[in-house]
Every structure is written in C-alpha cells, then in structure tokens.
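J.: Would you be able to build a 3D model of this:
(3 chains)
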Amino acid sequence: MACPTHLRYTKEHEWISVEGTLGTVGITDYAQSTLGDIVFVDLPKVGDPVTANQTFGSVESVKAVSDLYSPISGTVAAINPELATAPDKVNEDAYAAWMIRVELADVAQMDTLLTAAEYEAFIAEETGK
Amino acid sequence: MRYLPKSPAERNSMLEKIGARHVDDLFVAIPEEYRLRRDLKIPPQMGESEIIEYFRKAAAQNGSGYASFLGAGCYRHYRPVVIDSIVQRGEFLTSYTPYQAEITQGTLQAIFEFQTMICELTGMDVANASMYDGSTGAAEAVMMAARITGRSHSVIAQTVHPEYREVMATYAQHQGLPSTTVGYDPRTGRIQLELLDAAITEDTACVLVQSPNFFGVIEDIPAIAEIAHAKGALLIVSIAEAVSLGAVRPPVEADIVSLEAQSFGVAISYGGPFCGVIATREKYIRQMPGRLAGQTLDADGNRGFVLTLATREQHIRREKATSNICTNQALVALMATVYLTVYGKEGLRELAMQNLAKTEFARRTLTAQPGQNCLFEASPRFNEFVLTSEEPVAEMQARLRAQGILGGVDLTRWYPELGQATLWCVTELNTRAQMEAAAQALATSSAVGV
Amino acid sequence: METMHPVSAHTPRNTTLGKVRTHPTQNEGLIFEKSSPGKRAVKLAPLDVPEVDAAALLGDAFRSEPAPLPEVSEIEIIRHFTRLSTWNYAIDLGMYPLGSCTMKYNPRVNEFVARLEGIAEAHPYQPESLAQGSLEVVRELEQCLIEITGMDAITLQPAAGAHGEFTGILLVRAYHESRGNARRKIIVPDSAHGTNPATAAICGYEVQNLKSNALGMVDVAELERIVDEDTAALMLTNPSTIGVFESEIHRIADVLHAKGALLYMDGANMNALVGKARPGDFGVDVMHLNLHKTFSTPHGGGGPGSGPVACKAILEPFLPTPVLARRGDGTLGWNFDRPQSVGRVRAYYGNYGMFVRALGYILANGPDGLRQTTEDAVLNANYVRASLEDLYELPYKTASMHEVVFSDKRQAARGVKTGDIAKRIIDYGFHPFTVSFPLIVSGALMIEPTESESKEELDRFIEAMRAIAQEVDETPELVKHAPHSTRVSRLDEATAARKPILRWRPAGE
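T.: Numbering: from 1, shown residues only, chains lettered A, B, ... in the order given. Purely as a prediction, here's the structure:
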C-alpha cells in the first residue's frame, strides 16, 4: 500500500497527521503487516506527556511486542477507545486506526519527520528491495 | 548403560558418516587443558535393584509409623490412587511445555480445566497455569500488585507463613519494594486492623494476608479488603491450605489470590515439588505472571486450546517481562485437577467438614489436659490450632515422640512471644485413636513435667 | 478437512508416513460437561469423631455454596484423562528434538523410588533425627553435582532453571555488595535465552546486550571493550544456544575477573559437558543446572523442574538459607545461621522429589555412563548435522556439540518458514525442533536429539526432514498448511489473545 502523502513518518514506523496543534498518531501499514495479527495495543492515559523519539506504548502480536515511539513531544489529548476491544482494526486499516491524539508542544517538530517519499525510500532500503 | 540405545557398531558407523575417527574428535572445541581425563568421583553404576535398595534404606532411616500432627504449609491428605495412575502416563509425564498446540491438546485442556476449577474455588475471574509454589507465588503476587498500582510498598501480615515472608523479602529486596509487617491481635490471632490501617500509605501497592493464616485462624477478609481498598491498595490473599476452600468462604473481595494447591493430592515429599497458582480479576490479566491456556478454534472450526497472552513472558519481552518465570508445575497442577475431579462438589465439602470436625475434637481433647491451652480459642479456624504449655517444646516433643507421635510444629523460633507454643494440624487422616493417644502423652508430660 | 486444505489429499490416509500411521483418537469434552448432580468418585472413611455445625463454628467465614466442581464417577475420570493423554506427543512415543530443552528418556525407576512411602511422605518439619534418610539423599546429590560441575558449594533450593538464575544473580549481587558496591549492569549475549535478561532485571540490574561475532560466539574484543568496574557479571550459556563451545572461555573469564566481574554460566546445555569438562575448571564462578534437562527428571508438560546453583567458594557465604551441614555427631542437619545469606528463595528445601529422581539417574549411570551419555548426545547431534547440512542452511559452521542449529534460508526462498517445517514434521510422527530461537539466527531450526535416540529413530527423523525439504520444492502448500494428521489443525492464536477465554463457564452464565 502506498503511503498517504498528507502524513509524516518516523523510522520506527509511526505516522502522524496534524490539524492546528493537534497531532494524530498511528503505525504504518508496513508496520502492521510485519507484525502480523495484532492482539493488543497498550496506550498511555489522557494527560500523560509524550516525548519525541521516546516510547509511549506498545503493540503486541501473538508472539512479539513492539514499542511505539512518539514522533513528537506533547501531551496525550485522546486515545482511540476502539482499539481496546478491537485491536485488529490496525490490521484492517493502519491509517484509519489511529492510536493517540497529542497536543503538540512545538509544531515545528513536524519538519524533522520523514515525508511519504522519504519513508518509502527508507523501507525499500530496510528490506533490501 | 541401559538408557543408551546404541551398539558399538552403530556408534562407529555414525562416526564414519560424520567423518570423525574417534568420538573425542567431536569435543575438539573444548581446549585440551579443560578436558576431564579421569572418571568423575561419583558412585559407580548401580543396577535397578541396587537403586531401589539405596532409596529404601534412605526411607527407612527417616523413621516411620509415627502419628503426625505436622502441617504449617504442608498438609497430609489422602491421595486417591487414580492420581498417580493418570500422571504416570508417559503422554503426560514425558511431554514438554505445550508450545506445539496440535500435539499437546491433552496438557492444554487439562490446564484449562485446572484454571477453571481454581476460579470456581477462589471466586476469581482468571487463574494461571501454576507457579512454583505458594511462597514464590506470594512474592510474584506482590510484584504484580506493584505493577498494577504503580506503587511500591507492601503491607504483610505477621501471620503469613514465616518462610513465605522470608521468600517475599528476598524477592522484594532488589526491586525497590519496601514492606511493613503488621502484627496480630494476641486475643484473636488475626491481623490487628487498626495497625493495618495505620501501616497503609499512599505508596502502598498491596496488603497481603494469609487465610487461614499460619495459626490456622481465618482472617476477616471483608474488613481487611475495606481498609486496603479505602486507601487504593490491592488485597492479596495467600491460601496455604487449599482444602479449606471446601468449607471456608472464598476471598471474593481480594484482588489477587495466591494459592498453594499441595493439599489437592500432592505428596508432601519433604517440601516439594508443590503447586502455586495466582488467580485474579479479569482486568489484571496482563499484569499476571506465568503461563495461561486459552480456548480457541482450529482452522476447521473445532474447539482447541493454546498457550495465550505469551507476550507477557520472558521469552518475548526479555528484560521487560512481567516475571522471569519460564516453567509452570504442569504435572503437579494435573494432580490437583484429578484430585478435584475425584472429590468433586460434594466430596470436597464433605472432606472439609471432616477436617473441621476432627480439628475441633482434637483441640478439645488436647486442651482438656492439665496445663495445655489453646490460643485464639474463639476465632474461626480450619485445621490448625496453637497449643501452649509451661513445658519446654523440645521436651514435650521428645516425650510425644517416644509414644510414636509427631506433635505440633515448634513455634518458638518464629513467634517467641507466644512462649512454649506448638502448631498442631489435624486432617481426615488423623484418627480419633491418634488424638486420644496424643492427649494421653500430653497428660503424662504435664504430670511429670514442670 | 479436505475442503479446507485440498493439499492434504497428498497425504492419503492409511499409508505409513515416516514412523506413523493415522489411528483413531477419541473425542472428549471438558470434564465439566460430563458433570451431573449426585455422581461421585469418592467415598470417605466414616467420621470417627462427633460432627460439628460448620456454620456455627465458622460464622461469617462459612462457605454457604460449595464450589461447582464437576460431579463425575471414577471410570469417567480415568477415561477423560486417558483420552486427553492420547492427544499429547511425548518422549515415550518418539524423538522430541526440542533444542535447548534436552528431552531425554525419563527412567521409570526414578518414579518408583520417589514414591516410596518414607520418601514421598517425609514432612519438612519432622525432626532432623527422623529425616536423616532424606538428608542423606540431599547430601549425596550435592556431592555428585559439585563433582560434575567442578564447583565448591551448592544449593538445591531453586525450583526451576529461571529460579536458579535468579538465585545465582542474587549471589553475584551479594558478593559485590560485600565488597562495597553492588555494581550496576549485567552483560547478556544476544544469543541468550529470554530468562537471562529477565532475571538480571528482576535482580535490579541493567541489562547490557553483547552482540555475537560472525561465528555466533562471544566477541571477546567487544566484551573487553564494554566490561568495566560497573559490570557485575556476564551471563553466558556454554555451549552456547547455537550448540557451540565457547573455546575462548578462559579469556572471557579473565577479561571479567580483571575488572572484578564474575562469570555466570547458564547450565541449560550441560548435557554436552558432563564427564567431559567441568565449568569450575574453565573459569565459571557460579552456574545453575536444570535437573529436568541434564539429569532426566520428567518435564511433565511444563514442570516441575529443579534448578540447583553451584558456585565457587567466594560465593558460598551468600547461599540461600538453610544449607545442609554435617554436625559434630556425624548426623546431617540444616544450618540457618548464615548472616551473609541472600535469604530464602523458596519455602522448605526445594523440589525434593526431583532430587530423588536426579540422584537415581546419576546412580544408574555412574562415571562411565555419564561420560558415554554425553558422548552419545554429541554424536547424535553431529550425525543429524552431517545428514542434513546439504539440504538445510547451516548459518554457523563452527563445530556442534549436543545440538545443531540450521536456518530456513533455502526453504524461506520458497515461502516456507521454520514454523511450517516444524508443523510438517508432526505429520511424520516427530515432535518439532525448537523454532525461531536463538534470535541471532533468522528462521532457526534448533535440533537437540539427546543421547536417548537410537540410530534407527535418528535415521527416520533424517528421512522425514529430507522428505520435507523435497516437499518444499515440489508441493510447498502441503508444508505450509501442515499438520494434516493431528486431532486439531492450526489453531487461531490471534483470536485466543484478542478475546481471551481462560476458563469454562456453564451455558447461560
């Protein structure tokens, strides 16, 4: 699946979109397909601080756990309640199944993140294709 | 070398296939200076009959034929014969952890049945596939409570088995998990509720009590739960005498139950192997240590079982795991499962009633002897009670031993404040004649003694 | 099944595949589903004392509703569990080459002696004068294990391997603390079993990962670079998890000792060393053993195990309490007066029943038998290696000891992974090897035959593995949907984890 161009990406395979100062974060389609069947998503609480490049939660498949890294710094404004009971939504559509919304501390941080084209190039390099 | 299925000729042909001249060629990676060039200094090979003879001799040295009133965490209950015939089936005995679900459905379904029975007995929502034993299970329960609450302090009743408390202290020591011990009411033998309330702080993750406690006294679980919960602490109830659950109300107010299932058909075997198990509320599953079997469907829609929620465990999470525990006690858990199936709903009830009746009879008979007192007399108890007298415990026990009786466990090393106190345990295996003989022997000792 | 897996038609019923033929398996529900009020399997002896009013005696603590345990008869119990047992694979049925688990024969005489009345019924609080036999068994096993490992002292208290690791690292910690500084980190190679880093973390240490070198072994130069005065110990498995002896073991020990750090050895792979080399001789300071691996006590579907910890004299003062001691009068007893001890790690004295079985195994073998056992274990692994290395990729060519680790590289190119090959070997009548471990080998097939396999059984296993390699080339779908012969097909693990059902409930509840 092509990476939506309106999003920004991390090398840890998270995506983020921004409206005003509110960022929405999830994992990429590449990440969900590598993990396989996702069975649990562990998310922070509303009000928790998150820091760019630091873990904010984890995502579990049957036999693996991967940390989730925040693309940006800020405060958790919302978590996707749907994932508590239906973690498989991430497998169905990784770009619709957002994980957290973050009130950004510094919108300029967005510029440090990868564009869709850069992220696609990064994956190509990673997989040696 | 009767366990090795190869002839010299077969060994040689295998070496040939490998391209080695001598088996020592296969050990070249071990530097010469570290190769053992002599025989190990251990006893020479024995035939099967010699091995049996060796252990029979050891068994005989232990002394036999005593009427035992020992308990204190290891309980003598009758073990139905079917338990051993089932657990000695090679398919259970010689199978590994059920990672390959398609060829371990037997073990997995048995674990699922075990988990269900533990839930029914304890009133909890979920139970794991077992822990090493009650002492390590209690330590793991404390660590689990710390993870759930994000707090580090624990409050532990002094009436918890002293060896369990030692194990908890060892575990907590290096994890920054301080604990406070709360004493008991000298009249009731139950935890002092005012002291408990005072010991709980904002950083208290859990209160841990044992019930029936080390003195055999049943704690007031609802009252303790209320105090703990009012301050945001979890309540862990440790149960060392599992048969009590046939007659004693389950600790439904608890957040975590840590059970030792030895009483369910497991030989005492000088203290192990036993079978701990942790049960809890559904919402805490992900913080629970140990293996879990879960029900699912196969590709053709048949019911089947798998190990599940494995991402909590060390082989996936490594240093971030909920525990370093790897094995469970599957075969011992199977013993408990068979036991509970044999006794069933009514049988376990009847068994617990017999234990109650016999304990009450023994308590009355022994305390009828001059100089013998029962502590915490008015408190509800299961199958243990504390006896005190003026005579030094060692002397009393020697006298009982001379009559073929193993009296109660000496409490002076753990609870010196109780004076010359012993902890007596009575189960369905103690006959009336044994109790009367013990009373007789006590009567003699008090007459001759002090 | 045919409709779900059309390819299973390639495995016609009633033909012999490897060492198996299909046979009928019994259907069997859960025990709760057989329950009916009034059925029972127990008859208690009559009560010989007056009955009591439990509700009056217990007051509020009385259980008014008995737990809804199943109500069944004895024949139903025997059939239920016997039917369940037939759904298990076991060593008693055939080769169980689970790498790193040492699935060897579990001698039956050990089961017999562990159940002798005076042994099985001994109580941990019976007077020591009436426990001399039990204590002699402990003593004898301790002496044998000290001699086998070349160490100075031992505790049998830990209940399993991971519990032994925990105990061993506590000893390390206590040792450093006694010298004024507990130190901060434990080094763990990336090839290590997951319990190693989990243990270090539980003992309050930071885990420092050590990358393996191109041979899959400890990179001694890298180790030298990262070891410092803050290093408490290195946790090393030797032979390593790829079944290779760390031939630079003494240099590894020297690098650690030079900085005051200790060498911890995970004894999971002692089956490659017993009677041939002793860790105490090659620089190890502390190690654990797995009686359920090396010393034949049964795995029992996942336990009980037993994980004794042996150590050098410098660590002896810190062993868990109590330790066994010979008293002035020649009798044995427990010594609780151990001021420097790390404390208890388990109530009572450990998994005593496992001590009896392990000692039974040692006595049946003697020094010559144990050596031959090790030689056969290594011979078997190398035989498997020599017979399969033309078809399966050998990522590390270093000499194998008691196990051999292949990778699925060639098969993965055709879309078949190690897990698929593992499932397919089930159809041939074998338990799979260990998959996906160690982590340093992508798509690992870790094969540990143990000494218990005859040449005939090994040849059948090899034949099966070769047949599967061919199937991967010709009919990969057949392998990808395996197993085809088991009672249940592949199970839906994702749903099991997403919506956990961890207990049975009566219909309608």
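J.: quick one: secondary structure of the residue of chain A found nearest chain B?
T.: Closest to chain B within chain A is residue A:60: 4.4 Å, counting by CB to the nearest CB. Bear in mind the C-beta positions are built from the backbone N, C-alpha and C, glycine included. Secondary structure, DSSP: H, G, I helix; E, B strand; the rest coil: residue A:60 is strand.
J.: Surely it is in contact with residue A:43?
T.: No. With contact defined as CB atoms under 8 Å, residue A:60 does not count as touching residue A:43 (11.9 Å).
J.: which one of those two has more residues nearby?
T.: residue A:60 (25 against 19; other CB atoms under 10 Å in any protein chain shown).
J.: Now do the same contact list for that one.
T.: A:38, A:39, A:40, A:41, A:42, A:66, B:311, C:497 (CB atoms under 8 Å, 6 or more residues apart in numbering or on different chains).
J.: Widest-spaced pair of those residues?
T.: Farthest apart among the contacts of residue A:60 by CB to CB are A:66 and C:497. That separation is 14.8 Å.
J.: Compare those two (neighbour count), which wins?
T.: Per other CB under 10 Å, whichever of residue A:66 and residue C:497 has more neighbours is residue C:497, with 26 against 18.
J.: if I've got this straight, that one is in a helix?
T.: Yes. Under three-state DSSP, residue C:497 falls within a helix.
J.: Pull up the per-residue confidence for it.
T.: As predicted, residue C:497 sits at a pLDDT of 92.
J.: Roughly how far does the residue lying closest to it once chain neighbours are set aside sit from residue B:296?
T.: Once flanking residues are discounted, residue C:497 sits nearest to residue A:39: 3.7 Å by CB to CB, 6 or more residues apart in numbering or on different chains. Plainly put, residue A:39 is 12 Å away from residue B:296 if you go by CB to CB, to the nearest Å.
J.: Compare the two and say which one has the larger neighbour count.
T.: residue A:39 (26 against 23).
J.: count of neighbours near residue B:6?
T.: Around residue B:6 there are 21 residues (other CB under 10 Å).
J.: Repeat that for residue C:48.
T.: Residue C:48 has 15 nearby residues by other CB under 10 Å.
J.: Was I right to think it contacts residue B:432?
T.: Yes. The pair residue C:48 / residue B:432 is scored as a contact, 4.3 Å apart, by CB under 8 Å.
J.: in a strand, that's where the residue nearest to residue C:497 is, yeah?
T.: Yes. Using three-state DSSP, the assignment for residue A:39 is a strand.
J.: what separates it from residue A:15, distance-wise?
T.: Applying CB to CB, the value for residue A:39 to residue A:15 is 21 Å.
J.: which residue packs closest to the residue most central in space within chain C, ignoring adjacent ones?
T.: Nearest residue to the geometric centre of chain C (CA atoms, centre = their mean): residue C:101, 5.0 Å. Closest residue in space to residue C:101, ignoring its immediate chain neighbours: residue B:96 at 5.9 Å, by CB to CB, 6+ apart.
J.: How much space separates the closest residue to chain A within the stretch 101-250 of chain B from chain C?
T.: Closest contact between the stretch 101-250 of chain B and chain A, by CB to the nearest CB, is at residue B:150 (10.9 Å). Relative to chain C, residue B:150 is positioned 17 Å away (CB to the nearest CB, to the nearest Å).
J.: pLDDT wise, what is that residue at?
T.: 94.
J.: That one: what's it in contact with?
T.: residue B:205.
J.: Likewise for residue C:386?
T.: B:17, B:18, B:19.
J.: tell me which of those residues is nearest to chain A?
T.: Nearest member of the contacts of residue C:386 to chain A, counting by CB to the nearest CB, is residue B:18, at 34.6 Å.
J.: any chance you could read off phi and psi for that closest one?
T.: Main-chain torsions, residue B:18, degrees, to the nearest 10: phi -70, psi -30.
J.: What of residue A:95?
T.: According to degrees, to the nearest 10, residue A:95 has phi -90, psi -20.
J.: how close does the spatially closest residue to it that is not a sequence neighbour sit to residue A:117?
T.: Distance criterion CB to CB, 6+ apart; nearest residue to residue A:95, sequence neighbours excluded, is residue A:4 at 5.8 Å. Residue A:4 sits 12 Å away from residue A:117, going by CB to CB.
J.: and stretch B:262-275, how far out from the chain's middle?
T.: 7 Å (CA atoms, centre = their mean, to the nearest Å).
J.: can you tell me the distance between the two ends of it?
T.: Across stretch B:262-275, the terminal residues are separated by 6 Å (CA to CA, to the nearest Å).
J.: Then stretch C:40-55?
T.: Terminal-residue distance, stretch C:40-55 (CA to CA): 24 Å.
J.: Stretch A:68-87 too?
T.: 14 Å.
J.: How about residues contacting the lengthiest helix in chain A?
T.: Criterion DSSP state H: the longest helix present in chain A is helix A:116-127. With CB under 8 Å, 6+ apart as the test, helix A:116-127 has contacts from A:2, A:3, A:4, A:5, A:7, A:9, A:11, A:28, A:30, A:114.
J.: Can you list which of those residues are found in strands?
T.: Mapping the contacts of helix A:116-127 onto strands (DSSP state E) picks out residue A:9.
J.: Which among the contacts of helix A:116-127 count as buried?
T.: A:3, A:7, A:9, A:28, A:30, A:114 (16 or more other CB atoms under 10 Å in any protein chain shown).
J.: Take those residues and keep only those in helices.
T.: Secondary structure assignment by DSSP H places residue A:30 of the buried ones among the contacts of helix A:116-127 in helices.
J.: pLDDT added to the buried ones among the contacts of helix A:116-127, as a markdown table?
T.: Below are these laid out as a markdown table (pLDDT from 0 to 100):
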| residue | pLDDT |
| --- | --- |
| A:3 | 90 |
| A:7 | 94 |
| A:9 | 95 |
| A:28 | 94 |
| A:30 | 92 |
| A:114 | 94 |
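J.: Nearest to chain C among the buried ones among the contacts of helix A:116-127?
T.: Nearest to chain C among the buried ones among the contacts of helix A:116-127, with distances taken as CB to the nearest CB, is residue A:30, at 18.4 Å.
J.: Excluding chain neighbours, give the residue nearest to that closest one in space.
T.: Among residues not flanking residue A:30 along the chain, residue A:123 sits closest, at 5.5 Å (CB to CB, 6+ apart).
J.: Repeat that for residue C:295.
T.: Nearest one to residue C:295, counting by CB to CB, 6+ apart, is residue C:358 at 3.8 Å.
J.: Contacts made by the lengthiest strand in chain C with the rest, please.
T.: Counting by DSSP E, the longest strand found in chain C is strand C:231-237. With contact meaning CB under 8 Å, 6+ apart, strand C:231-237 is reached by C:165, C:169, C:172-173, C:176, C:182-189, C:191-193, C:196, C:199-200, C:205, C:208, C:210, C:218, C:223, C:227, C:246, C:252, C:256, C:259, C:261-266, C:268-269, C:285-286.
J.: Would you mind naming what in the stretch 401-509 of chain C lies close to chain B?
T.: C:401, C:422-423, C:426, C:431-432, C:437, C:451-455, C:457, C:483, C:486-493, C:495-497, C:500-504 (CB under 8 Å from any CB of the partner chain).
J.: List only buried entries from those residues.
T.: Of these, these count as buried by 16+ other CB under 10 Å: C:401, C:422-423, C:426, C:431-432, C:437, C:451-453, C:455, C:457, C:483, C:486-493, C:495-497, C:500-504.
J.: Which ones among those residues map onto helices?
T.: Those of those lying in helices (DSSP H): C:422, C:423, C:426, C:455, C:457, C:493, C:495, C:496, C:497.
J.: Just to check, the last one is in contact with residue A:65?
T.: No. Contact criterion CB under 8 Å: residue C:497 and residue A:65 do not qualify, at 11.6 Å.
J.: Right, I'll leave it there.
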